[in-house]
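In: turn this into a model:
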Amino acid sequence: VRRAMHLVLDKAALVDVVQDVAPMMVGGFIYPFSEYATPKEDMAKRRGYQADPTEAIMEAKQLMKDAGYGDGIKGVDFMVREAATFKLWSQAIQAMLKEILNIESTLRTVQVSVWFDEALAGNFDFTISAIVSTLIDPSDYFNAWYSKVGPQNYSQWHNATYEELVKQIDRELDPAKRLNLIRQAENIMENDPPLLPVAWEKIYDGWFDYVKGHNPFNYFGIYDVVRMDTFWMDK
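Out: From the prediction side, this is the model:
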C-alpha cells in the first residue's frame, strides 16, 4: 500500500503547490543535491517520478488490489504538523489519494509539540512533517530516518536486507563500492518505502559583501553545523 501511494503522488505538482511558501525540489530517498543522488535524468525514468504517470498509476492500482484494497480505504487518520507547507501539501495529497486510489482520509492538524508526541507513539495512520539531518552523508540519515532503531523512523519500518546494507555503507572506504551499496539501499526503499518522499528543501543563502568568514558550500542545512562564530564584518 505504501508503494502504491508513493507511486501516485505527483511530486512536481506538490513542489508547485508550495512554491510561494518554501523552495523545494523533487527527490526520492537521497538528498537530490548531494553527490550520492541518482542523476535527475535517471530519476525521471523511474515510476513515481515520470512526467507521464500512466504506468505508475496502473501499478499502484494493481498493488492496492493485490493487498486487498482494490476498492480503496476509508477512515484514514491523516495527522498534519502545524506549518504552512504541510497544510498545503496535506490537502493536495489527500485529494490525490482519494482521486486515484480511493483512499479517504480526515485531516487532523496538531501543534509541533503534539505532533512529536503523537508521531513517536505511533498515534496516526498517515502523517506529514519534516525530517532533518546534521550531515548530508547517507551514513547519517540512512541510520536516523530509515533504520529499525532510527530516532526519526516514525513509521517503524524495518527491512533486514536494508539494515545489512547500511552496516556496509558505514564501513566501506572505496567510493565506487560505497555508491553501489547506496544504490542498492535506495532500490529497496523505492520498492518497500519506509515513508513517502514529497520534496526536499533547498535554501540558498544571501549575504552582504562585507560579511566575511563563511562559505555556504562548506556547511549544510539551516538547523545544524552553521558556525556563526567564524563570521566577521568588513566595515
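In: can we go C-alpha only for contacts and neighbour counts from here?
Out: Fine.
In: chain center to the helix or strand containing Ala12, what's the gap?
Out: Using DSSP states H and E, Ala12 maps to helix 11-17. Averaging C-alpha positions (CA atoms, centre = their mean, to the nearest Å) puts helix 11-17 13 Å from its chain's average.
In: same deal with stretch 14-34?
Out: The answer for stretch 14-34 is 9 Å, by CA atoms, centre = their mean.
In: just the mean pLDDT for that stretch, thanks.
Out: The pLDDT scores in stretch 14-34 average 93.
In: grab the nearest non-local neighbour of Gly27.
Out: Ala199 (5.7 Å; CA to CA, 6 or more residues apart in numbering).
In: can I take it that Glu190 is in a helix?
Out: Yes. Counting by DSSP: H, G, I helix; E, B strand; the rest coil, Glu190 falls inside a helix.
In: could you check how far it is from Ala95?
Out: 22 Å (CA to CA, to the nearest Å).
In: so between these two, which is more surrounded?
Out: Glu190 (21 against 16; other CA atoms under 10 Å).
In: which ones are touching that one?
Out: Contacts here follow CA atoms under 8 Å, 6 or more residues apart in numbering; on that basis Glu190 touches Arg3, Phe29.
In: what is the burial count for Leu7?
Out: 26.
In: how about the nearest residue to it, chain neighbours excluded?
Out: Counting by CA to CA, 6+ apart, the residue nearest Leu7 is Gly48, at 4.1 Å.
In: hang on, isn't that neighbour packed against Leu9?
Out: Yes. Contact criterion CA atoms under 8 Å: Gly48 and Leu9 qualify, at 6.9 Å.
In: centre of the chain to stretch 182-191, how far?
Out: That offset, for stretch 182-191, works out to 14 Å (CA atoms, centre = their mean).
In: would you put the C-alpha positions of that stretch in PDB?
Out: Only the C-alpha atoms of stretch 182-191 are listed here, as PDB (Å, rounded to 0.1, in the frame of the first residue of the first chain):
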ATOM      1  CA  ILE A 182      23.900   3.200  -1.600                       C
ATOM      2  CA  ARG A 183      22.100   2.500  -4.900                       C
ATOM      3  CA  GLN A 184      21.100  -1.000  -3.600                       C
ATOM      4  CA  ALA A 185      19.700   0.600  -0.400                       C
ATOM      5  CA  GLU A 186      17.800   3.200  -2.500                       C
ATOM      6  CA  ASN A 187      16.300   0.500  -4.700                       C
ATOM      7  CA  ILE A 188      15.000  -1.400  -1.600                       C
ATOM      8  CA  MET A 189      13.300   1.800  -0.300                       C
ATOM      9  CA  GLU A 190      11.800   2.600  -3.700                       C
ATOM     10  CA  ASN A 191      10.000  -0.800  -3.700                       C
END
